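Q: Sequence and predicted structure are below.
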Amino acid sequence: MTVADETAAPGAGAAESVRPLELFFDLVFVFTITQVASILTAAPTLPNLGRVAVLLVIIWWMYSGYAWLTNALDLDRTGPRLLVLTGAAGFFLMSMSVPKATGTGPWALVLGAGYLLVVMVHLLGFIGTSGHRGILRIGPLNLASALVVLAAGAVPPHPRPWLWALAAAMEALTPLVSGGGEFAVGAGHFVERHGLAVLIVLGESITEVGAATSRGDSVTTSVVGALLALVLSAEMWWLYFGREERESEARLDRVPARRRPRVAVYSFGYAYYVVILGIVVAAVGMEKAIDAFHHPSHHLTALLLPLGISLYLFGLAWFHRTLAGSWPPARLTAALAAAALVTPAAALSSGATALGVAALVLLALIRWEGRQRLSGPATGAVR
């Protein structure tokens, strides 16, 4: 995407702080993410992991699209407010249908209808804003992918995930196929909005883990397991919000106007998707590790926690690369360490050991980056 004119009128990309309505919208979005994660929680299998990854592409793509949209809307006006609330209703329809959309019945059609509503509102919302010419390029491609999701609801359950995967691929390729568009990116609002999405997803993951542990019979397992999960989530928070968020705003703001939307797509679109997927998979992995607190895990269950942590760290490294121009070696190393150390801990020892080892890996990374920051300019690590 390109920007023809970075100068934004009020309500057209000039917003530099997130408005309460956007926070309300984000809560609905995060509930949808939670419902997607429930597919993997209920049955931690490789096909379900694939379904979660594909559905998350579909959901994240349009959530990010709404971050672009609200960056251009004046939410003090009634019309734009009603548009955003209608989009939230579409996400809510999706959240209700996601857990049952993989089976028989009408729920997959409800999912497609909710998604089509989300896409239509997004398209209409840009009309009359500084991004109206850009949406004429992007909007039809989004609409085509929404129709594929809707069509998936009309086919039997077995081939349905393949249509979802097709829609996800169409969305992922849209910025490349469209050849660019004209959108304004207010760095402050954009970074804050996406940062709040990470914060809320992390918070919701803690809520889900806490709810799961509170249903256990063992007080020791529930308390210690929940605290270890809280430590892990706090470390994940630290790695992004400790410094990465505010530095990313300055970096995005320094990007020339014509390149800024493309950089935003790669950083807050593609790389951020991996970050969110990592949080989702790690949260399910924490739940499963607490379930197997005193004994080894088997099959994919043993891989969920290390996979989630590794995806999160790789996503953060990719995010840094898109904005700063260099890969952070420490985070890539930590991602490999999480896979190499946490996996055998879960498969050969216990969920408690896996949680403890994962926490130690992240703590070592945090301390290393802290020492690098104190010792002088870094050579690549995000601080």
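A: Noted; the coordinates are in hand.
Q: wouldn't residue 361 be in contact with residue 312 here?
A: No. Checked against Cβ atoms under 8 Å, the pair residue 361 and residue 312 is beyond contact range at 11.4 Å. Placement of C-beta: from N, CA and C, glycine included.
Q: Which one's more surrounded, those two?
A: residue 312 (29 against 26; other Cβ atoms under 10 Å).
Q: Look up how far residue 282 lies from the more buried one.
A: 6 Å (Cβ to Cβ, to the nearest Å).
Q: which residues are common contacts for those two?
A: Taking Cβ atoms under 8 Å, 6 or more residues apart in numbering as the contact rule, residue 312 and residue 282 both touch residue 236.
Q: Tell me which stretches of the chain form helices.
A: 20-42, 46-70, 78-97, 107-126, 132-152, 160-177, 187-214, 219-241, 244-254, 260-265, 272-291, 301-324, 329-344, 351-375 (DSSP state H).
Q: Any chance of a markdown table for the ones you listed, columns mean pLDDT?
A: As requested, those are exported to a markdown table (pLDDT from 0 to 100):
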| stretch | mean pLDDT |
| --- | --- |
| helix 20-42 | 92 |
| helix 46-70 | 92 |
| helix 78-97 | 94 |
| helix 107-126 | 94 |
| helix 132-152 | 88 |
| helix 160-177 | 91 |
| helix 187-214 | 86 |
| helix 219-241 | 91 |
| helix 244-254 | 88 |
| helix 260-265 | 86 |
| helix 272-291 | 95 |
| helix 301-324 | 96 |
| helix 329-344 | 97 |
| helix 351-375 | 92 |
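Q: in this structure, which residue is closest to the centre?
A: With distances taken as Cα atoms, centre = their mean, residue 276 lies nearest the centre of the chain, 2.8 Å away.
Q: Provide a list of residues in contact with it.
A: By Cβ under 8 Å, 6+ apart, the neighbours of residue 276 are 33, 56, 60, 197, 198, 201, 315.
Q: May I see the domains of the protein written out as residue ranges?
A: 20-177, 189-375 (automatic domain parsing).
Q: Report the separation between the two terminal residues of the first one.
A: By Cα to Cα, to the nearest Å, the extent of domain 20-177 from end to end equals 34 Å.
Q: same deal with stretch 290-307?
A: Using Cα to Cα, first and last residues of stretch 290-307 are 16 Å apart.
Q: Could you check that stretch and say which residues are buried?
A: Within stretch 290-307, the residues scored as buried using 16 or more other Cβ atoms under 10 Å are 290-293, 296-297, 300-307.
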